[in-house]
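Asks: Here is a sequence together with a model predicted from it:
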Amino acid sequence: MHRLMTAPVLSVVTESGPVALAKAGTAKWSGGGLELTLRLSRMPVWDAQRLRPRLRNCGAAPVVLESVEVLRVPVTRPRRGPSRGRGPGPAAGSDEVRFLRFGLNMPGDPVRFGVLSPQGIRPAPVPADGLWCTVTPECAGVTANTLLAFRAAGPDAKACVIGAETFNLTEGTATLSAVPATGVTELSYSMVLDGLILEPDAELVLDSVLILEGPDLNELLVVWAQSAAVSTPPRMPAAIPTGWNDWQFYRNSKTQQDVLDSAEELARLRTAGYPLDFVQVDGGFCLHLSEWGAPGPGFPDGIAALSAKVRALGLKFGLWLAPYIQNTATSVVQQHPDWLLQRRDGAGPVRFERSNVGASCLIDYTVPGTLDWLREQIRLFVDTWQVTWIKLDGPNYAMYRQGRPRDRHQTLHQMLAASFRVMREAAGNDVLIEGEGPMGLALGHVELQRVQTDNHAMWYRDQKSNNPYAPRVYGKELIMSFLHNRWWCNHRENVILRDFPSPFCGAREAQPDVVEPLFNENEMQTQLAAAVLGSGGLLLTDPMKELARQPERMRWISRLLPVWPDAATMVDPFPDSAYPAAYALRIRREFEEYTVLGVINWSDTVMDWRCPLDRVLPSETAGREHWAFSYFEGRLLGKVHGELALTGIPAHGVRLVALRPCARHPQLVSTSLHLLQGAVDVANVRWSQKTRCLTVDVGHFHQTDERLYFAAAPDWRLAHIKTDAARCAVDDYDPTAPAVRFDGAPTGTTRFELEWERTGRGT
């Protein structure tokens, strides 16, 4: 770790060009009238350090700051030369560095694993990676906003995580650069300051940075997230929000009747016990897509009337808001041109000919009056329209950084943070705010945050195999699960269940004759598995009355709900592929503990997978035998010990396996009611050795034509069932793996008392 303070030169980029800061002391670098001091302190967790930078303008003139480099350190050794030091690098034996590139700028900012070396990056970058990876003859590089993880080669190499601890000025940028000429890979960390003016003799306290090392990447990510949450206390919803959103079918073409049709079906499901609470109207409800107070022609009765009708059905009302971007035809742009973000060259406002609201400009929230306008929009939503979930779209750093705010003594981050504070105050504590922009900016202001890009019912973007789309959605959702319940409630936005195309979205928007691609069955199962393993907010998004005509598709809703509060962790960190294959979710109930394992085949060919159980299971049970049950296959895989092997996982498919420690008596090993196989659908399980009776209480809201699966040693036989189920039948063709098929009791809780007897056949 001592290498963190040894960089001979660090760099500051100003508006007029770069300035080199030469090392001028143990923790000081200076040059061009600027002085950077770094304070490094040890934290009482793992092998962890906190870096606190300060920058002073010692010159006689103001300095316009674009970025400040606060760290540069090698993480691999030169190809020749003696070995020195310890810490996050350099590593011996190889010039390869395994990395995990995080995308905390936006939900669509890619997250993936890879291997970086002076020879390039593997797996090879895909089109979505182009903004953050560079591969040239001179250098191969990986850049990440806010957070980066890596592990150099070598048998004793530790994982390293570097990321922002605070978000007062900006979010920070980490870069790994591999140079073929030397064979050395360097780590650097810079603060983006957006043209901030630093006056003479003024000092700038930059955000603190955490550098963590340890053997377990999952634990390092948790420590980083918890440390940042101490500096900026998070907000959490009282319950995980669920419901329906119109976006992935209707897009901007919805009408008030479309919304009410699905709301009525949602209300019917809610009456039947489904935990579905919200109806969320997305973009397209207002004129010019961003004239928030003026409903569009598809909503002739107005948003207040629609909200009242939704709430009369016993549901809560949510609404989309993108207050940073304005269509050029809106009253804000027409009447307040002085509110618009100006271009860097001073030649008028930043303008986009295409955006999610059409031709548009950005609001500069350092201009007086803009924050008051924003407060009025939130009060309109909350007070007049009774909105209790605001889906907040944006802001987008990449768009804002094409211009300059009027107040040059604020970074863009500070300006946008002020807008978040205004929205939070105006909304009050009873309204959920969902973030869909930079994640560090949202911490402490939102209860939910989108952590992945929009879901579409397709595996490939443009149906090109070199441009996978679904892995970017579900791979990122699962990798980012360490933020769930630590920074906020993670939110995936929607689950697509329909098997019919939308006339409004996907390829048909640009090419009306192209039919929207849809998931095959394997891809559908992967989407569902990611939803339950990732936890977090869950919204349906299909036209519900049409979906209700497909009972098999509708049944997936009950298998996803309720949402289990915890999320899975990666089993195979730093894999050879862009996304780990395996994710483990530990289920703890008062009456049992078990693990649900999801193994996803991201590839285009059939896959076999095997793994030692001590990498999947908690240490206290890893050495025991476990029953393994595969949910989507509906079959008992048998007892496993030491290692789990899964064969024939189809392309784009998944195995969702419940692993329960083997008892010395017959036991429940799975259910059909929910993908987590007992976590939320079983109220209690208990065994009586005296009566040889296994009692199972089922408490799920959907109990029509469901199944309970059991396992027993060969010397046990199911002899009798006593139950209050409306209907019940036993399939004991295999007496060691009997199943009970049933319709539940009218009360909503169904009891099964299964009496077993010894057969004398032994094991």
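Replies: Done, it's in.

Asks: Can you name the element that comes right after whichever helix or strand residue 144 is part of?
Replies: According to DSSP states H and E, residue 144 maps onto strand 140-145. With elements assigned by DSSP H and E, the helix or strand that comes after strand 140-145 is strand 147-152.

Asks: Extract the C-alpha set from that following strand and format it as PDB.
Replies: Output of strand 147-152 as PDB, limited to C-alpha atoms (Å, rounded to 0.1, in the frame of the first residue of the first chain):
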ATOM      1  CA  LEU A 147     -15.500   2.200  -8.900                       C
ATOM      2  CA  LEU A 148     -13.100  -0.300 -10.300                       C
ATOM      3  CA  ALA A 149     -12.000  -3.800  -9.100                       C
ATOM      4  CA  PHE A 150      -9.000  -5.800 -10.300                       C
ATOM      5  CA  ARG A 151      -6.700  -8.600  -9.500                       C
ATOM      6  CA  ALA A 152      -3.200  -9.000 -10.800                       C
END
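
Asks: could I have the next helix or strand after it exported to PDB, CA atoms only?
Replies: Remark: after strand 147-152, the chain's next helix or strand is strand 159-164, criterion DSSP H and E. The C-alpha trace of strand 159-164 is given here as PDB (Å, rounded to 0.1, in the frame of the first residue of the first chain):
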ATOM      1  CA  ALA A 159      -8.500  -8.500  -5.200                       C
ATOM      2  CA  CYS A 160      -8.300  -4.800  -5.100                       C
ATOM      3  CA  VAL A 161     -11.300  -2.300  -5.100                       C
ATOM      4  CA  ILE A 162     -10.800   1.400  -5.600                       C
ATOM      5  CA  GLY A 163     -13.800   3.800  -5.400                       C
ATOM      6  CA  ALA A 164     -15.100   7.100  -4.200                       C
END
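
Asks: Show the average pLDDT along strand 159-164.
Replies: Strand 159-164 shows a mean pLDDT of 97.

Asks: Paired strands for that strand, with orientation please.
Replies: strand 147-152 (antiparallel), strand 209-214 (antiparallel) (DSSP bridges).

Asks: okay, those, which one's buried deepest?
Replies: strand 147-152 (a mean of 25; mean count of other CB atoms under 10 Å). For every residue, glycine as well, the C-beta is placed using N, CA and C.

Asks: now that one against strand 140-145, angle please.
Replies: 140 degrees (axes from the mean of the first three to the mean of the last three CA atoms, to 10 degrees).

Asks: mean confidence score for strand 147-152?
Replies: Mean predicted lDDT for strand 147-152 stands at 96.

Asks: Show me where this protein has its helices.
Replies: 217-231, 247-250, 256-271, 303-312, 331-335, 370-379, 397-400, 412-427, 439-442, 470-479, 507-510, 521-534, 544-547, 551-560 (DSSP state H).

Asks: Identify whichever of the strands paired with strand 159-164 lies nearest to residue 696.
Replies: For residue 696, the closest of the strands paired with strand 159-164 is strand 209-214, at 41.0 Å, according to CB to CB.

Asks: got the CA positions of that closest one in PDB?
Replies: The C-alpha coordinates for strand 209-214 follow below in PDB (Å, rounded to 0.1, in the frame of the first residue of the first chain):
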ATOM      1  CA  VAL A 209     -11.100   7.600  -2.100                       C
ATOM      2  CA  LEU A 210     -11.100   4.100  -0.600                       C
ATOM      3  CA  ILE A 211      -8.600   1.400  -1.700                       C
ATOM      4  CA  LEU A 212      -9.400  -2.000  -0.300                       C
ATOM      5  CA  GLU A 213      -7.500  -5.300  -0.700                       C
ATOM      6  CA  GLY A 214      -8.500  -8.800   0.300                       C
END
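
Asks: That one vs helix 217-231, what angle?
Replies: Going by the same axes, to 10 degrees, strand 209-214 makes 150 degrees with helix 217-231.

Asks: hang on, isn't residue 595 packed against residue 616?
Replies: Yes - using CB atoms under 8 Å, residue 595 is in contact with residue 616, at 6.5 Å.

Asks: Need the overlap of contacts for these two.
Replies: Residues touching both residue 595 and residue 616 comprise 584, 659, with contact defined as CB atoms under 8 Å, 6 or more residues apart in numbering.

Asks: hmm, back to that, mind checking the strands paired with strand 159-164 for the one nearest to residue 247?
Replies: strand 147-152 (27.9 Å).

Asks: Distance from the chain centre to the closest one, please.
Replies: On the basis of CA atoms, centre = their mean, to the nearest Å, strand 147-152 sits 18 Å off its chain's mean C-alpha point.

Asks: picking that back up, out of the strands paired with strand 159-164, the one nearest residue 280 is which?
Replies: strand 147-152 (28.9 Å).

Asks: strand partners of the top strand by length along the chain, parallel vs antiparallel please.
Replies: Ranked by residue count, the top strand of the chain under DSSP state E comes out as strand 184-198. Sheet pairing of strand 184-198 (DSSP bridges) gives strand 63-74 (antiparallel), strand 173-179 (antiparallel).

Asks: what does the last one contact?
Replies: What that stands for is strand 173-179. Against strand 173-179 from outside (CB under 8 Å, 6+ apart): 67, 75-76, 95, 97, 99, 116-118, 138-148, 150, 162-163, 184-192.

Asks: what residues go with each domain of this structure?
Replies: 2-231, 242-323+369-399+409-560, 581-662, 671-763 (automatic domain parsing).

Asks: thinking residue 435 is in contact with residue 445, fair?
Replies: Yes - checked against CB under 8 Å, the pair residue 435 and residue 445 is within contact range at 7.2 Å.
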